[in-house]
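Novice: model this:
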Amino acid sequence: MYHCKRSRRLAAGVHARSAALAASLGVLCFASSARAQLPDDSGPDDPRAAEEQAGGEAAQGDATPAASEEKPKAPEAEAEPAADNAPLEKDGKAYRFIGLRFRNVIVPKFMINLFADGGATVNVFTAGPELTTRKDGFEIDLAMSYADYSMDPFLFKGKNDGDDAWEMVSSDMKLLYLTMDLLHEIPLDPEEGRFSLLIGGGVGLGVVFGNLYRAQAYPSDPRATPDDVGSWSRCSGPGAPNAFYCDAEHRHYGDYDEPSWINGGSKPSVFPWISFPQVSFRYKPIKQLQTRLDAGLSITGFFFGLSAGYGL
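Specialist: Okay, the predicted model is just below:
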C-alpha cells in the first residue's frame, strides 16, 4: 500500500516536471520564431499589399529612365533658333532683301578718246535703295540710284574737228537711275550657303537734271596744251579776244548752258545704263543679312561698289 502511494507521487512528480520542461521549450521556440520574423516587419503582411508595393517600386524604377531620356531634348531646343538663322537657302523658296547700294563709276579718259579728243577721267558716285529677290540661284536686283555727274572744266572737241574747235566743258548734272541687275548664283560653299559668286549684267535708264556748260576756248599761254586746262580761257564773244579760236559758227561764249534734247540742244534728257559683264561676291552670315561687292563694265566706264540688305 505504501509502495503504491509512493509510486503515484513519483509519477505525478515526473509528469509535472515534464509539463514544465515542455512549457519552457515552447516559450523558447516562440521567442526564437518571433526574433526571426523581426526583419520582415517592414513589408506588408498580406499578398495584395505586397503586390501594390511591388507595383509602386516598378513605377518608380520606370520613372528614372524617362527622366534621363528628357535630358537630350535640351540641346535640340537650344539649336532651334540657330536653324532659323541659318544662311542656307532652300530650293523652290523666294528670298527678298531690302537695303542700300553704293557704287563708284569711273569714266576713264581713254574711253572718251575713243569718240572725241580731250576730256578727263571722271568719278561718278551713285547711291540709293535696292530690292533683291532670289530664287533657285537666280537673282534680280532692282535699284533707284542718285548719280552725281559733276565735272570740273576740261577741254573737249570732236574727233574730226580742227584745232580751232576746242571747247571748255564743265557740268553740275545729276541723274536719277532706275536699274535692274540679272545675276546667276554660283555657290562657293553649298553646304553652308554663306559665300556665293554672282555673274550677269544690268540695264536701266536715268533721268538727267542740272546744267552742262560749254564755251569756245583759246590758249591764253603760248605753251598751252589741251591737257593743261589752266592755260586756256573761254571766249567772250565772236572774234574776241582770239579770232581764230573764237569764231561765230557755234556761238558758245562765256557761261553758255547747253539746252537739253527737248529744247533742241545736245544735253541728254535721259541716259541709258547698260552693264556687262558684272561680277559680284556675296557674303551672307545669317539668314536675315547679306552683303555684296560688285564690279563690272558699263557704257560709261568701269564701276565697283558694295551693298547690304536685310531679309524681309
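
Novice: measure how buried residue 119 is and give me the count.
Specialist: Residue 119 has 21 neighbours, counted by other C-beta atoms under 10 Å. All C-beta spots, glycine's among them, are computed from the backbone N, C-alpha and C.

Novice: so it makes contact with residue 112?
Specialist: Yes. If you go by C-beta atoms under 8 Å, residue 119 and residue 112 touch, sitting 3.5 Å apart.

Novice: host element of the residue lying closest to residue 242 once chain neighbours are set aside?
Specialist: Nearest non-adjacent residue to residue 242, counting by C-beta to C-beta, 6 or more residues apart in numbering: residue 218, 4.0 Å away. Using DSSP states H and E, residue 218 sits in strand 212-219.

Novice: okay, and the beta partners of the spatially most central residue of the chain?
Specialist: For the chain, the residue nearest the mean C-alpha position is residue 290 (1.9 Å; C-alpha atoms, centre = their mean). Beta bridges link residue 290 to residue 309, judged by DSSP bridges.

Novice: doesn't residue 308 make contact with it?
Specialist: Yes. Counting by C-beta under 8 Å, residue 308 is a contact partner of residue 290 at 7.3 Å.

Novice: show me the strands in the stretch 151-300 of the chain, by range?
Specialist: Taking DSSP state E, counting those that start in this stretch as the criterion, the stretch 151-300 of the chain contains strands spanning 167-187, 195-209, 212-219, 232-234, 270-286, 289-298.

Novice: so of the ones you listed, which one's packed in deepest?
Specialist: Ranked by mean neighbour count, the strands of the stretch 151-300 of the chain are led by strand 212-219 with a mean of 22 (mean count of other C-beta atoms under 10 Å).

Novice: show me the contact partners of that strand.
Specialist: Here strand 212-219 makes contact (C-beta atoms under 8 Å, 6 or more residues apart in numbering) with 155-156, 166-171, 173, 231-235, 241-242, 244-247, 250, 252-258, 267.

Novice: pLDDT on it, on average?
Specialist: Strand 212-219 carries an average pLDDT of 95.

Novice: and if you look at stretch 106-125?
Specialist: What stretch 106-125 shows for mean pLDDT is 92.

Novice: dump it to PDB, restricted to CA.
Specialist: Extracted as PDB, the C-alpha positions of stretch 106-125 are listed here (Å, rounded to 0.1, in the frame of the first residue of the first chain):
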ATOM      1  CA  ILE A 106      34.900 105.600-113.300                       C
ATOM      2  CA  VAL A 107      34.700 107.300-116.700                       C
ATOM      3  CA  PRO A 108      38.300 106.900-117.900                       C
ATOM      4  CA  LYS A 109      39.800 109.400-120.300                       C
ATOM      5  CA  PHE A 110      40.900 106.800-122.800                       C
ATOM      6  CA  MET A 111      37.300 105.700-123.300                       C
ATOM      7  CA  ILE A 112      36.300 109.300-124.000                       C
ATOM      8  CA  ASN A 113      39.100 109.500-126.500                       C
ATOM      9  CA  LEU A 114      37.600 106.600-128.500                       C
ATOM     10  CA  PHE A 115      35.000 109.100-129.700                       C
ATOM     11  CA  ALA A 116      36.400 112.600-129.000                       C
ATOM     12  CA  ASP A 117      39.600 114.400-128.200                       C
ATOM     13  CA  GLY A 118      40.400 115.900-124.800                       C
ATOM     14  CA  GLY A 119      38.300 115.100-121.800                       C
ATOM     15  CA  ALA A 120      39.400 113.800-118.300                       C
ATOM     16  CA  THR A 121      38.900 110.900-116.100                       C
ATOM     17  CA  VAL A 122      35.700 111.400-114.000                       C
ATOM     18  CA  ASN A 123      34.500 109.600-110.900                       C
ATOM     19  CA  VAL A 124      30.700 109.300-110.600                       C
ATOM     20  CA  PHE A 125      29.300 108.300-107.200                       C
END
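
Novice: and for that stretch, what are the contacting residues?
Specialist: Here stretch 106-125 has contacts from 102-105, 147-149, 151-152, 154-159, 161, 166, 226, 300-303, using C-beta under 8 Å, 6+ apart.

Novice: mind doing that once more with 7 Å?
Specialist: 104-105, 147-149, 151, 154-159, 226, 300-303 (C-beta atoms under 7 Å, 6 or more residues apart in numbering).

Novice: pull out the buried residues from those residues.
Specialist: Neighbour-count burial (16 or more other C-beta atoms under 10 Å) applied to the contacts of stretch 106-125 gives 105, 147-149, 151, 154-157, 226, 300-301, 303.

Novice: just curious, which of those residues is nearest to residue 182?
Specialist: residue 303 (16.2 Å; C-beta to C-beta).
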